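# need coordinates for the following:
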Amino acid sequence: MNAKSIICFLAVMFAIFCGIMPAQAGANDFITPGKVWNDTDGNPINAHGGGILYHNGTYYWYGEYKKGETQDGRIDITGVSCYSSQDMMNWKYEGIVLPAVKDDVNHDLHPSKVLERPKVIYNSRTGKFVMWAHVESADYSKACAGVAVSDSPTGRFTYLGSFRPNDAMSRDQTVFVDDDGRAYQFASSENNATMYITELTDDYLRSTNRYTRNFIDKYREAPAVFKHNGKYYLITSGCTGWDPNQAEIAVADSIMGPWHTIGNPCTGPDADKTFYAQSTYVQQVAGKRDCYIAMFDRWNKNDLENSRYVWLPILFDNGKISIPWQEKWNFDCYTKNSGNRN
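Residues are numbered from 1 along each chain as shown. So this is what the prediction gives:
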């Protein structure tokens, strides 16, 4: 190695040591909604209809791993993927944490079935990570919740089976853990006409018999729930299949309701179509009181694997909530926006 090479090598090592260079090549400094989002290996992130778990300083993003040909609006089950991140912009692929079961055609996770909207919550009582998902037959007649459990956030998860909470249909769904440790499932039911909110058992593995029926005959799906300043908020979409429609947000003083719809939170171009996307989850940024991210999927109904992610900031202004369109953004937008206050 000549003197020039030695100097270059030492300069690079000094930059890495001082934190001048990014942690990996192609590191993301911004979120760009609707664009291809690569993981730290340079591959497109494959985690559709997903949700995030924040645990011990790390974010874990779980979603539908869609691979293969789309036919008649469905794609064979591959499984649930997991990605990890420290900053929610750069994601490391952790693998398939709940794989398809290929050798049993009657199993809920056989490739011929449907697996949607996986969400993972942590149970501090049992020390278990619990996944809830919408599991279906190919003709969408099953309408059940599937539950899996793991000792680690990166799995593998052990599938425990499926059921209808309180004998009610369970389709588009999410789960939410309140400040007191109680957990709840939100699910479209009664052929999507009604939203059920169901309290879960202490181990989060089943439903209790405590539930409420909400938005009766309003046909809402794609629930994403969060809590801010003691109030509960719920973002949903209408029922138009893979095609976009206008989002709605509702508010309640109690998680079981009653819920009051307060309009479309989206603002900017194509807000009336939710930016051609559909809600899936809301995640608060750790350590930042008023910093929440609304997660949407921009479905490509003819090629589901190539659906995109639309993540946007939620802004609070004297009780009014908005989700403004951003071509490119990072967490600085919360501090720069003077209207982002209680």
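# which ones are touching H55?
Residues in contact with H55, defined by Cβ atoms under 8 Å, 6 or more residues apart in numbering, are Y122, F129, P153. The way it works is simple: take the backbone N, C-alpha and C, and place the C-beta from them, glycine included.
# that one bridge partners, please.
T58 (DSSP bridges).
# do you know how far it is from G287?
Per Cβ to Cβ, to the nearest Å, H55 is found 14 Å from G287.
# quick check: closest non-adjacent residue to R213.
Closest residue to R213 in three dimensions, ignoring its sequence neighbours and counting by Cβ to Cβ, 6 or more residues apart in numbering: T194, at 5.1 Å.
# ok, what's across the strand from the one you found?
Beta bridges link T194 to S189 when assigned by DSSP bridges.
# thought it was touching Y211?
No: using Cβ atoms under 8 Å as the test, T194 is too far from Y211 to be in contact (10.8 Å).
# before we move on, back to that, what's the local residue count around the residue nearest to R213?
A total of 20 residues lie near T194 under the criterion other Cβ atoms under 10 Å.
# mind listing what it touches?
If you count contacts by Cβ under 8 Å, 6+ apart, T194 has them with S188, R213, N214, F215, I216, D217, K218.
# most neighbours among those, which one?
Comparing the contacts of T194 on neighbour count, S188 comes out first with 26 neighbours (neighbours: other Cβ under 10 Å).
# quick one: the helices in the protein?
3-17, 332-336 (DSSP state H).
# going by mean pLDDT, which of these comes out lowest?
Mean pLDDT is lowest for helix 3-17 among the helices of the chain, at a mean of 42.
# ok, the closest residue to D303 other than its chain neighbours - contacts?
Leaving out its chain neighbours, the residue that sits closest to D303 by Cβ to Cβ, 6+ apart is T70, at 5.5 Å. Under the criterion of Cβ under 8 Å, 6+ apart, the neighbours of T70 are K301, N302, D303, L304, E305.
# just the buried members of those?
Taking 16 or more other Cβ atoms under 10 Å as the criterion, what is buried in the contacts of T70 is L304, E305.
# dump stretch 226-245 to CSV, restricted to CA.
Backbone C-alpha positions of stretch 226-245 (Å, rounded to 0.1, in the frame of the first residue of the first chain) are rendered in CSV as follows:
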residue,chain,number,x,y,z
PHE,A,226,-53.7,5.7,18.8
LYS,A,227,-54.0,7.7,22.0
HIS,A,228,-53.1,11.4,22.5
ASN,A,229,-53.7,13.6,25.5
GLY,A,230,-56.0,11.1,27.2
LYS,A,231,-58.3,10.7,24.1
TYR,A,232,-58.4,7.8,21.7
TYR,A,233,-58.4,8.3,17.9
LEU,A,234,-59.3,5.8,15.2
ILE,A,235,-58.5,6.2,11.5
THR,A,236,-60.5,4.0,9.1
SER,A,237,-61.2,3.8,5.4
GLY,A,238,-64.4,3.0,3.5
CYS,A,239,-65.0,-0.4,1.9
THR,A,240,-64.1,-0.2,-1.8
GLY,A,241,-61.8,-3.2,-2.2
TRP,A,242,-58.3,-2.3,-3.4
ASP,A,243,-59.5,1.1,-4.7
PRO,A,244,-58.9,4.2,-2.6
ASN,A,245,-61.5,6.3,-0.8
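# so where's the stretch 201-342 of the chain uncertain?
Low-confidence segments of the stretch 201-342 of the chain, defined by pLDDT under 70: 335-342.
# try 90 this time
Regions of the stretch 201-342 of the chain meeting the criterion pLDDT under 90 cover residues 287-289, 318-319, 331-342.
# where do the strands sit along it?
207-214, 220-228, 231-238, 248-252, 260-261, 266-267, 278-284, 292-298, 308-317, 320-324 (DSSP state E, counting those that start in this stretch).
# same question for the stretch 1-150 of the chain.
Listed in chain order, the strands of the stretch 1-150 of the chain (DSSP E, counting those that start in this stretch) span residues 48-55, 58-66, 77-85, 92-99, 114-123, 128-136, 144-150.
# can you list these in CSV and add distance to D167 and mean pLDDT?
Formatted as CSV, those follow (distance: least, Cβ to Cβ, whole Å; pLDDT from 0 to 100):
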stretch, distance to D167, mean pLDDT
strand 48-55, 25, 98
strand 58-66, 26, 98
strand 77-85, 25, 98
strand 92-99, 25, 98
strand 114-123, 20, 98
strand 128-136, 16, 98
strand 144-150, 11, 98
